[in-house]
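# quick one, structure for this:
(one chain, ligands or ions: 1)
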Amino acid sequence: MSLGTIRLHWVRVPLHEAFRISSGEVSAKEAILIELTHDGKTGWGEASPMPGAFYSVETPEGTWDFLRRRLVPWFLENPQLDPRSVSEQMPEFDGEPFAKAGLEGAVWDLAAQRESKPLWELLGSKRCPVESGAAIGLMPTLPQLLDRVRRFQSEGYRRIKIKIEPGHDVELVRAIRERFGNISLMVDANASYSLEHISTFEELDRLGLMMIEQPLGREAIAEHADLQHRLRTPVCLDESAHSLDAIRTIIRLRASRILNIKVQRMGGLGPARAAHDLAQSAGIRCWLGTMPELGVASAQGLHLGTMPNFKFPSDVEASARWYVDDIIYPHIEVSAGGTIDLPEGPGMGYRVDPEKVARYRVRLEEFRT
Ligand code: MG
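As a prediction, this is how the structure comes out:
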């Protein structure tokens, strides 16, 4: 089978504001878009690691290199257009979930285009609005944090998530509770605490949080089980839930009551759907996280986010929340009721804008068969 063309577009879209978490800061969104053309149809995927390796070991440079040197050449030799099995067909390359998610996403989109079906249907889900929550990074001052909470509340987001780190936690939550009352609120610690901070968690436990996300280290599964046992507030695991095997361990140890499932970290829509199903069968509720991603990966995530065990608002926000621009049209928008309604049409429903891709592109590589 002659596959056609694969183009890799490395794009860099400026952020409105830098995003700061406990381990670092970014000011532009980098992503590698994978454009897969076959038989007159085009599918798009997105590999979206954060720059600077502060969130994960994968970086845009490493992902670009892996795609162009190994994954795309392998794919061209082993063309696989069935998205239901493409990630299983990928050889046992170590790691590189972002690159795999990008290529797999392009295969899903292409298959949906060829079948003239929306992605949610191909994924075995039903069309429904996806609830959206706003995430706020570590802010320089408390008044700035409170101002952001006010803004996102007024924009309709269904829950507010704030980042915390040791020394900046309980008093932030208390201040939000004093100002805004009993709003849907959660915190994300990005693995920055240890069990020595138990008194902090006991204080947070009295503040009616929806969940406490990734309080302890990535590998601290048993410690999370211990912490969850001591708290009424659900613990949610994010960084720790990095593979199906890791999720099986979390379930076996009952280390959290909630999981944050990220398509990019899981290596694609197929593995992320498998994680959703695994959690569902174990009675663990999920929600759909992001890196965050540009429009292609966000849109594809939203299609997966229609599945029934995604029980909490997603981290997928409006395109305009982070980016001065996005490479899809229409842009992703959040309704006054705090939901995102998927557009009609095959694949993502959203379309990639080639002019925008060219405008923000910093590197291009093309492969033909
Ligand atoms: Mg998180």
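# how close does the residue of the stretch 201-350 of the chain found nearest the ion sit to G283?
Nearest to the ion in the stretch 201-350 of the chain, going by Cβ to the ion, is D238, at a distance of 3.7 Å. Yep, even glycine has a C-beta here, placed from its N, CA and C like the rest. Applying Cβ to Cβ, to the nearest Å, the value for D238 to G283 is 19 Å.
# ok, the residue of the stretch 201-350 of the chain closest to the ion touching Q214?
Yes - using Cβ atoms under 8 Å, D238 is in contact with Q214, at 4.4 Å.
# residues shared between the contacts of those two?
Jointly contacting D238 and Q214 under the rule Cβ atoms under 8 Å, 6 or more residues apart in numbering are D188, N190, N260.
# keep only those that also lie close to the ion.
Among the shared contacts of D238 and Q214, proximity to the ion is found for D188 (Cβ under 5 Å from the ion).
# counting neighbours, what do you get for S243?
Using other Cβ atoms under 10 Å, S243 is surrounded by 16 other residues.
# you'd agree I176 is up against I160?
Yes - I176 is within contact range of I160, at 7.5 Å (criterion: Cβ under 8 Å).
# which parts of the helix or strand where E366 lies are buried?
Per DSSP states H and E, E366 falls inside strand 361-368. By neighbour count with 16 or more other Cβ atoms under 10 Å, strand 361-368 contains the buried residues F367.
# kindly report the same for stretch 50-66.
Taking 16+ other Cβ under 10 Å as the criterion, stretch 50-66 shows M50, P51, Y55, S56, E58, T59, P60, G62, T63, W64, F66 as buried.
# least trustworthy helix or strand in the protein by mean pLDDT?
The weakest-scoring helix or strand in the chain, judged by mean pLDDT, DSSP states H and E, is helix 83-89 (a mean of 83).
# that one - contacts with which helices or strands?
On a contact count with 3 or more Cβ pairs under 8 Å, 6 or more residues apart in numbering; DSSP states H and E, helix 83-89 meets helix 97-115, helix 269-281.
# by how many degrees do the last one and helix 97-115 diverge?
Between helix 269-281 and helix 97-115, the angle comes out at 100 degrees (axes from the mean of the first three to the mean of the last three Cα atoms, to 10 degrees).
# about what we covered before: by pLDDT, give me the weakest of the buried residues of stretch 50-66.
The pLDDT minimum for the buried residues of stretch 50-66 sits at Y55, where the score is 64.
# pairing partners for the strand holding E366, with directions?
According to DSSP bridges, strand 361-368 forms sheet pairs with strand 5-21 (antiparallel).
# the following helix or strand past the strand it pairs with relative to strand 361-368, how many degrees between them?
Going down the chain from strand 5-21, the next helix or strand is strand 24-38, by DSSP H and E. Angle, strand 24-38 to strand 361-368, by the same axes, to 10 degrees: 30 degrees.
# what residues does whatever residue of the stretch 51-200 of the chain ends up closest to the ion make contact with?
Closest contact between the stretch 51-200 of the chain and the ion, by Cβ to the ion, is at D188 (4.4 Å). Contacts of D188 were listed using Cβ under 8 Å, 6+ apart, and they are I21, A135, K161, I162, K163, I164, E213, Q214, D238.
# and of the residues you listed, the nearest to Y350?
A135 (21.0 Å; Cβ to Cβ).
# a strand runs through the closest one, doesn't it?
Yes - counting by DSSP: H, G, I helix; E, B strand; the rest coil, A135 is located in a strand.
# measure it to I327 for me?
Look at A135 and I327: by Cβ to Cβ, they are 21 Å apart.
# same thing with R20?
For R20, the distance to I327 (Cβ to Cβ) stands at 24 Å.
# looking at the two, which has the bigger crowd around it?
I327 (29 against 16).
# residues from the chain in reach of the ion?
Residues of the chain found near the ion (Cβ under 5 Å from the ion) are D188, E213, D238.
# now render those as TSV, adding secondary structure and pLDDT.
Listed next are the residues of the chain next to the ion as TSV, based on DSSP: H, G, I helix; E, B strand; the rest coil; pLDDT from 0 to 100:
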residue	secondary structure	pLDDT
D188	strand	97
E213	strand	98
D238	coil	97
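# follow-up on the earlier one: mind saving the C-alpha coords of the strand holding E366 as PDB?
These are the backbone C-alpha positions of strand 361-368, laid out as PDB (Å, rounded to 0.1, in the frame of the first residue of the first chain):
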ATOM      1  CA  ARG A 361       5.800  27.100  12.000                       C
ATOM      2  CA  VAL A 362       9.500  27.000  13.000                       C
ATOM      3  CA  ARG A 363      10.300  23.800  11.300                       C
ATOM      4  CA  LEU A 364       8.900  21.600   8.500                       C
ATOM      5  CA  GLU A 365       9.800  18.100   7.300                       C
ATOM      6  CA  GLU A 366       8.100  16.100   4.600                       C
ATOM      7  CA  PHE A 367       8.100  12.400   3.900                       C
ATOM      8  CA  ARG A 368       6.700  10.800   0.800                       C
END
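# from the chain's centre, how far out does it sit?
With Cα atoms, centre = their mean, to the nearest Å as the basis, strand 361-368 stands 25 Å off its chain's centre.
# dump the contacts of D188 to CSV, plus distance to L227 and neighbour count.
Below are the contacts of D188 laid out as CSV (distance: Cβ to Cβ, whole Å; neighbours: other Cβ atoms under 10 Å):
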residue, distance to L227, neighbour count
I21, 20, 21
A135, 22, 23
K161, 19, 24
I162, 19, 23
K163, 18, 23
I164, 15, 25
E213, 12, 27
Q214, 11, 24
D238, 14, 23
